[in-house]
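Student: Predicted model and sequence below, questions to follow.
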Amino acid sequence: MNRRGFARVLAQFGAVGLTGAAQAAPVPGARFAHLETSVVELQALMTSGKLSARTLVAAYLGRIRALDQRGPTLRSVIELNPDALAIAADLDDERRLRGPRGPLHGIPVLLKDNIVSTDRMDTTAGSLALVGVRPPRDAHLVQNLRAAGAVILGKTNLSEWANIRSTRSSSGWSARGGLTRNPYALDRNTSGSSSGSAAAIAANFAAVAVGTETDGSIVSPASINGLVGLKPTVGLVSRDGIIPISHTQDTAGPMARSVADAAALLSVMAGPDVGDPATASAKPADYTAFLNQQRLAGARLGVVRAQFGAHPGVNAVTEHALAVLKAQGAVLVDPVELKNTEKYADAELEVLLYELKAGLRTWLAYFAPDAPIQSLKDLIAWNERNRAREMPWFGQELFEQAEQRGGLSDKAYLDALATCRRYAREEGIDAALAEYKLDALVAPTGGPAWITDLVNGDHFGSSFSGPAAVAGYPHLTVPSGFVNGLPVGLSFVGPAWSEPLLIGLGFAFEQATHARRPPTFVATLPLQP
């Protein structure tokens with residue numbers, strides 16, 4: 001397609017996919033000096049001497065205080081690092097004396113509050129039960145961040161206990177942090193459980209953030225908050241120090257405003273850890289080397305039509321995204337059937353409940369030996385004693401179900417795990433890729449954000465998170481457009497260890513569309529868009 005023809009595609013995409021509340025101005029904090037500034041751009045400013053890490057950290061801290069703690073009051077950052085400015089100043093001195101220690105030298109990073117660090121901050125998963133408990137050391141991924149020169153700016157709010165506590169929870173709420181609000185419309189939900197990480201980066205409160213996912217907790221909030229989110233292959237990033245749900249599905253991953261920033265963060269986080277056997281096959285890589293604007297040319301992408309239909313606005317945005325993929329030279333195999341997804345729905349929950357009970361006890365014993373809880377049973381009792389503070393809106397039904405499970409040698413657990421692996425991997429994603437000779441699968445990530453309802457809980461629509469989550473395979477979501485002012489994303493899913501491919505595909509799509517735009521912090525969407 002020639003340049004003029006492709007411009008017509010983009011114009012049509014913009015007219016249908018990018019309409020909504022963006023015209024609602026003025027935008028709080030729009031004069032922020034580093035609005036939408038990338039990691040590469042920030043590094044260039046610091047290398048040239050036009051910006052210091054300390055000045056950058058101070059700017060982000062000021063923005064958080066103005067918009068997160070006051071103003072729109074997103075409540076996305078649960079705690080700020082009291083030593084962030086001092087750390088940044090030391091990194092400035094180090095840059096002058098010895099040069100940058102790594103690719104994130106001086107870059108402010110936010111961590112989800114279920115990832116341990118030894119800064120003077122708590123790690124609580126949003127629960128009051130862990131307030132004041134300090135871990136003996138950093139999580140492995142945090143060690144990697146520090147080695148690359150990152151400044152741990154603070155911890156982000158989350159759906160408490162990563163959204164495994166209740167069957168009727170409201171995503172983005174924790175007893176410690178309150179309710180995180182969506183910067184695109186404050187009465188809308190952020191999705192979970194990496195709600196604070198998503199809202200904070202969408203609102204430009206840091207350069208990048210680390211989220212975690214068991215099933216959907218990176219890609220769903222990323223999509224709903226207009227971000228790039230990458231759930232890596234389980235084992236690419238060490239799970240060490242992450243408050244666990246499931247050792248077969250848990251992983252940390254980058255949340256960013258661009259594919260390039262996500263690739264830069266993943267490059268630092270990824271790699272083997274002797275403390276996590278799942279990372280034995282993880283090899284360090286510079287994922288920014290795979291940012292190829294031409295990567296869509298010739299790529300065979302399977303369109304999972306079963307994920308369409310839940311919302312006509314999402315369908316329209318996704319159809320235009322597919323047109324862009326074709327314009328960039330991708331070969332679309334449409335439709336592709338992803339078989340057997342219904343065969344592991346119940347088995348997945350069974351696996352999570354068993355692994356939660358076992359994993360939480362192990363994590364508490366090492367990382368929180370002085371905590372008032374040392375098991376899931378202790379936590380359930382603690383929550384009951386503190387019901388007014390911990391459970392004002394919803395209970396702990398999933399905790400109670402998990403406590404009834406046995407050990408990881410139980411036949412019920414082993415059978416459920418085998419079911420998940422069989423139908424999500426070899427008879428699921430692997431089978432579809434082989435049958436249709438595909439490089440990757442594409443589908444809408446999910447629907448737009450719903451109005452938060454603390455009484456009734458979440459109103460989830462469709463989601464494409466399950467297959468990759470259960471398989472342990474990588475899943476990248478990239479902003480694809482807007483439905484009445486609310487962001488939605490396009491998903492790219494591939495086989496194990498296909499992060500280089502997905503990053504290339506996502507980058508080419510992102511550069512062809514530039515669908516992301518900053519939030520406007522409107523209180524609610526207008527009745528007439």
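Tutor: The structure has been received and is ready for your questions. Numbering: from 1, shown residues only.
Student: Run through the helices of the stretch 201-350 of the chain in chain order.
Tutor: 219-224, 259-269, 312-327, 345-367 (DSSP state H, counting those that start in this stretch).
Student: what's the most buried one of those?
Tutor: helix 219-224 (a mean of 34; mean count of other CB atoms under 10 Å). Every residue, glycine included, has its C-beta placed from N, CA and C.
Student: Can you list the buried residues in stretch 102-120?
Tutor: 103-119 (16 or more other CB atoms under 10 Å).
Student: buried set for stretch 481-498?
Tutor: 481-483, 485-498.
Student: which regions of the stretch 151-300 of the chain lie under the pLDDT threshold?
Tutor: Scanning the stretch 151-300 of the chain for pLDDT under 70 picks out nothing.
Student: List the neighbours of stretch 271-284 that are in contact with it.
Tutor: 140, 144, 234-240, 247, 267, 270, 497 (CB atoms under 8 Å, 6 or more residues apart in numbering).
Student: Can you show me the CA trace of it as PDB?
Tutor: The C-alpha trace of stretch 271-284 is given here as PDB (Å, rounded to 0.1, in the frame of the first residue of the first chain):
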ATOM      1  CA  GLY A 271      17.100 -13.500  33.300                       C
ATOM      2  CA  PRO A 272      18.000 -16.600  35.400                       C
ATOM      3  CA  ASP A 273      17.900 -16.700  39.100                       C
ATOM      4  CA  VAL A 274      19.300 -19.600  41.000                       C
ATOM      5  CA  GLY A 275      16.600 -19.100  43.600                       C
ATOM      6  CA  ASP A 276      13.800 -19.800  41.000                       C
ATOM      7  CA  PRO A 277      14.200 -23.000  39.100                       C
ATOM      8  CA  ALA A 278      11.600 -21.900  36.500                       C
ATOM      9  CA  THR A 279      14.100 -19.300  35.200                       C
ATOM     10  CA  ALA A 280      16.700 -22.000  34.200                       C
ATOM     11  CA  SER A 281      15.900 -21.400  30.500                       C
ATOM     12  CA  ALA A 282      15.700 -17.600  30.800                       C
ATOM     13  CA  LYS A 283      18.500 -15.900  28.900                       C
ATOM     14  CA  PRO A 284      19.300 -12.200  29.400                       C
END
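Student: Report the contact partners of the residue nearest to the spatial centre of the chain.
Tutor: Geometric centre of the chain, nearest residue: Ile218, 2.5 Å, by CA atoms, centre = their mean. Going by CB under 8 Å, 6+ apart, Ile218 touches Ser194, Gly211, Thr212, Gly229, Leu230, Lys231, Gly253, Met255, His475.
Student: Which of those residues fall in strands?
Tutor: The strands, defined by DSSP state E, take in Gly211, Thr212, Gly229, Leu230, Lys231, Gly253, Met255, His475 from the contacts of Ile218.
Student: TSV for those residues, including distance to Pro277 and neighbour count?
Tutor: Listed next are those as TSV, based on distance: CB to CB, whole Å; neighbours: other CB atoms under 10 Å:
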residue	distance to Pro277	neighbour count
Gly211	23	33
Thr212	19	29
Gly229	26	34
Leu230	22	32
Lys231	20	35
Gly253	19	31
Met255	26	31
His475	23	28
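Student: Let me know the closest of those residues to Leu42.
Tutor: Met255 (16.7 Å; CB to CB).
Student: That closest one and Gly226 touch, don't they?
Tutor: No. Look at Met255 against Gly226 with CB atoms under 8 Å: they stay out of range, at 11.0 Å.
Student: neighbours around Asp334, how many?
Tutor: 13 (other CB atoms under 10 Å).
Student: same question but for Ser462, I mixed them up
Tutor: Counted with other CB under 10 Å, Ser462 comes out at 16.
Student: could you measure it against Ser491, distance?
Tutor: Here Ser462 is placed at a distance of 11 Å from Ser491 (CB to CB, to the nearest Å).
Student: packing partners for the helix or strand where Glu510 lies?
Tutor: According to DSSP states H and E, Glu510 maps onto helix 499-513. Counting contacts by 3 or more CB pairs under 8 Å, 6 or more residues apart in numbering; DSSP states H and E, helix 499-513 packs against helix 3-17, strand 228-231, helix 259-269, helix 312-327, strand 440-444, strand 475-483, strand 486-493.
Student: other SSEs contacting the shortest one?
Tutor: With contacts taken as 3+ CB pairs under 8 Å, 6+ apart, strand 228-231 sits against helix 219-224, strand 251-256, helix 259-269, strand 475-483, helix 499-513.
Student: Show me where the stretch 101-250 of the chain has its strands.
Tutor: Remark: strands assigned in the stretch 101-250 of the chain by DSSP state E, counting those that start in this stretch are 108-112, 151-156, 173-174, 178-179, 208-213, 228-231.
Student: circling back to that earlier point, which of the buried residues of stretch 102-120 fall in helices?
Tutor: Using DSSP state H, no member of those sits in helices.
Student: Excluding residues flanking it in the chain, which one is nearest Glu107?
Tutor: Quick fix: residue 107 is Ile, not Glu. Ala207 (5.0 Å; CB to CB, 6 or more residues apart in numbering).
Student: Tell me which residues touch that neighbour, please.
Tutor: Ala207 touches Thr37, Ser38, Val39, Leu42, Ile107, Pro108, Val109, Ala256, Asp261, counting by CB under 8 Å, 6+ apart.
Student: ok, now Gln401?
Tutor: By CB under 8 Å, 6+ apart, the neighbours of Gln401 are Leu353.
Student: That one is in what secondary structure piece?
Tutor: Using DSSP H and E, Gln401 falls in helix 397-403.
Student: So which elements touch the helix or strand following that helix?
Tutor: On the C-terminal side of helix 397-403, the closest following helix or strand by DSSP H and E is helix 411-421. Applying 3+ CB pairs under 8 Å, 6+ apart, we find helix 411-421 packed against helix 345-367.
Student: between the helix it packs on and helix 411-421, how many degrees?
Tutor: 110 degrees (axes from the mean of the first three to the mean of the last three CA atoms, to 10 degrees).
Student: ok, and what's touching helix 345-367?
Tutor: Contacts for helix 345-367 (CB under 8 Å, 6+ apart): 116, 123, 135-136, 164, 214-215, 241, 243-249, 371, 373-376, 379, 398, 401-403, 405-408, 410, 412-413, 415-417, 419-420, 466, 470.
Student: So what's the residue count around Asp286?
Tutor: 12.
Student: In the stretch 1-150 of the chain, where is pLDDT below threshold?
Tutor: For the stretch 1-150 of the chain (pLDDT under 70), the answer is 1-27, 30.
Student: all helices for it, in order.
Tutor: According to DSSP H, counting those that start in this stretch, the helices that the stretch 1-150 of the chain contains are 3-17, 39-48, 53-63, 84-98, 140-147.
Student: Of those, give the one that comes closest to Gly154.
Tutor: Here helix 84-98 is closest among the helices of the stretch 1-150 of the chain (CB to CB), at 7.3 Å.
Student: Quick one: end-to-end distance for stretch 120-138.
Tutor: For stretch 120-138, the first-to-last residue distance is 12 Å (CA to CA, to the nearest Å).
Student: er, stretch 227-246 actually
Tutor: Stretch 227-246: ends 25 Å apart by CA to CA.
Student: now it, how far from the chain's geometric center?
Tutor: 9 Å (CA atoms, centre = their mean, to the nearest Å).
Student: Give me whichever of the helices of the stretch 1-150 of the chain is most buried.
Tutor: Taking mean count of other CB under 10 Å, helix 140-147 is the most buried of these, at a mean of 22.
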